[in-house]
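K.L.:
Give me the fold of what follows.
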Amino acid sequence: MESGGCRSMSATAGILAPPCYMLQESTAHLEGLRVLAQMQGMSLELDGLHKADIVVARKEEDIYRALGLPFIEPELREGRGEIGHALEGKLPKLVADRDLHGILHCHTDASDETETLEMMAKATRERGFAAHSSADFRSSRSRSSTAKRIA
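P.N.:
Model prediction:
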């Protein structure tokens with residue numbers, strides 16, 4: 001629930017706003033967590049996971065752990081079976097920066113962005129990527145055709 005100091009007070013009413021995880025999750029995912037909590041004799045409320053009148057977990061990571069789940073990354077929280085997959089230990093692996101080998105479909109200052117092709121090529125090399133692909137289009141900002149600038 002409280003992840004990275006995400007809670008905030010409502011400026012108008014002075015009421016504690018819902019924690020970020022409740023604002024970011026799909027309704028179906030939250031309902032799945034609530035059902036799982038109820039099956040385990042707990043309830044998921046705005047201030048945390050409760051067992052009777054005791055808050056047993058407040059932070060996202062702790063709530064998942066208390067429900068017997070591994071942490072489910074926000075990108076997977078869509079209410080499309082991810083809770084069942086988590087219970088079975090079959091959550092998909094998300095793509096991470098270390099999985100990337102190149103940068104594709106970038107625009108340069110030849111069309112609608114601010115960096116030159118040379119700057120992007122340098123940044124690609126500095127990151128250790130094997131490939132870079134620009135997808136510029138002609139615009140009124142173009143000083144010359146992309147083909148001429150690359151040559």
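K.L.:
Averaged pLDDT, stretch 118-137. What do you get?
P.N.:
Stretch 118-137 shows a mean pLDDT of 87.
K.L.:
List the buried residues in that stretch.
P.N.:
With burial defined by 16 or more other C-beta atoms under 10 Å, the residues of stretch 118-137 counted as buried are Met120, Thr124, His132, Ser134, Asp136. All C-beta atoms are positioned from the backbone trio N, CA, C, and that covers glycine.
K.L.:
same question, stretch 68-83
P.N.:
Under the neighbour-count criterion of 16+ other C-beta under 10 Å, stretch 68-83 has Leu69, Ile72, Leu76, Arg77, Glu82, Ile83 buried.
K.L.:
End to end on it, go ahead and measure it.
P.N.:
End-to-end distance for stretch 68-83: 10 Å, by C-alpha to C-alpha, to the nearest Å.
K.L.:
Can you pull out the low-pLDDT segments for the chain?
P.N.:
Confidence mapping of the chain against pLDDT under 70 gives the ranges 1-25, 138-151.
K.L.:
mind listing the helices for it?
P.N.:
In the chain, the helices defined using DSSP state H lie at 20-24, 27-39, 60-66, 82-87, 117-126, 146-150.
K.L.:
of all the ones you listed, which lies closest to Ala52?
P.N.:
helix 27-39 (12.4 Å; C-beta to C-beta).
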